[in-house]
Each structure stands twice: as structure tokens, then as C-alpha cells.
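Novice: My questions are about this predicted structure, shown below with the sequence.
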Amino acid sequence: MALSRRHALALLAALPAACASPNPRLYTLAAVPGEPRPHAPKLIEVRDAALPHYLERSGIVRSTENYQLDVLPNDWWGESLSSMLNRVLVQDLSQRLPNSSVFTEIGAISGTPDATVGINVQRFDANPSGMVVLDAEVAIAGHPAGDRRVHLTAPIQGPGTPALVSAMSVAVGKLADAVAGMLAGGR
């Protein structure tokens, strides 16, 4: 059975659509509640967190075990991870420090901060034990000044990317707890 020219063109036109990959699923970190601390500097600036370059991609990095990146092929961040991490960290800190104004260095709101928070993330992915690992260095300039390394974990409570992202959100909340403790004078 011979195809007419019209049918052949229709088949050729449909071919790219048949080979196209599905739209990616987009995810975002979310703020999680923590213990409020009433005594902290009045104005707190959060600088852009520094991330390792392996995390600076659309696809979510599940793990870095065995010298390999395990990147989820069709599960992407809804915005850059550094922007999202800063946004959620400011939300988490604002909840934990109710008597303080917390803002980012590049946002529309600014002022002369009483304390400045800098964070260098070293690792932010899952380990083989089913835990999200967040390793970071935190430095605070101003009052109170200090620096600290943190190693935080959060269990992944189920299969799939939503459980991974939920555990990552919990880990960022734990980071906010550590930073709020430093800002409130505890370590």
C-alpha cells in the first residue's frame, strides 16, 4: 500500500512530537516551622549561599555516592537552587526570629544590617542510608560574630522525588535552626 504525499508529510510532521521527552516535573523547597527565638539582632542580611557547581543544574541531584552524580532526569528545580535555598532560608529565619527583619542581599528591601549571614554549602544530597545530608559552613559578621561547620541530616520518608524534596526542606529548616541559635547568642 503506497502512502500519498499528504500522508507521508503528516507522518514526518508527527515524528518529532513522538520523539519529544515529556515535560519535566518541577519542585521547590518549602519553609518548615521551628522554635522561635525572641532575642536576635534587629536587621539580618542573608548573603547568597555558595553552592558546589555540581548542584547548579536544573535536574535534582539525588546523590553523589561512589564518585557519581545521580541526577533525576525529569525532576527539576522550579528555580535555581541557590535562589530557592536563600528564599526558603529567609522564610525559615523570619519565622524563628520574630523580632528581627531578615532579608537577602539582592532583594528589594535593604538596610544596614546588624548581622550578616554567609553560608557555603559543601554537600546537599542523599546518602545510601536514606538520609539527606547538608554539610555547610556558616559565618556571621556583626553581632554576635562567629562561624561554625554544620553537618545536618534528615530522613527521607518514602520513595520518590517528593519525599526527597521534603527531606531537603527539613534539612534547610535545621540549617535555619542552627543559624537562629548562633544569631540568638547560642551555639
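Specialist: Arrived safely.
Novice: List the buried residues in the helix or strand hosting residue 88.
Specialist: Using DSSP states H and E, the element containing residue 88 is helix 81-96. By neighbour count on 16 or more other Cβ atoms under 10 Å, the buried set for helix 81-96 is 81-82, 84-96. All C-beta spots, glycine's among them, are computed from the backbone N, C-alpha and C.
Novice: which stretches of this protein form helices?
Specialist: 5-19, 81-96, 161-183 (DSSP state H).
Novice: got CSV for the ones you listed, with distance to residue 75 and mean pLDDT too?
Specialist: Below are these laid out as CSV (distance: least, Cβ to Cβ, whole Å; pLDDT from 0 to 100):
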stretch, distance to residue 75, mean pLDDT
helix 5-19, 21, 55
helix 81-96, 13, 96
helix 161-183, 4, 97
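Novice: Of all those, which one is nearest residue 124?
Specialist: Residue 124 lies closest to helix 161-183 among the helices of the chain, at 7.0 Å (Cβ to Cβ).
Novice: distance between that closest one and the chain's centre?
Specialist: In terms of Cα atoms, centre = their mean, to the nearest Å, the centre of helix 161-183 is set 9 Å apart from its chain centre.
Novice: any idea of the angle that helix forms with helix 81-96?
Specialist: Counting by axes from the mean of the first three to the mean of the last three Cα atoms, to 10 degrees, helix 161-183 lies at 60 degrees to helix 81-96.
Novice: Where do the strands of this protein begin and end?
Specialist: 25-27, 43-46, 59-63, 70-77, 101-104, 115-126, 131-142, 146-155 (DSSP state E).
Novice: for these, which one ends up most surrounded?
Specialist: Stretch with highest mean neighbour count among these: strand 43-46 (a mean of 23; mean count of other Cβ atoms under 10 Å).
Novice: ok, now how distant is the residue nearest to residue 22 when sequence neighbours are not counted from residue 112?
Specialist: Excluding the flanking residues, the one nearest residue 22 by Cβ to Cβ, 6 or more residues apart in numbering is residue 74, at 6.4 Å. Per Cβ to Cβ, to the nearest Å, residue 74 is found 45 Å from residue 112.
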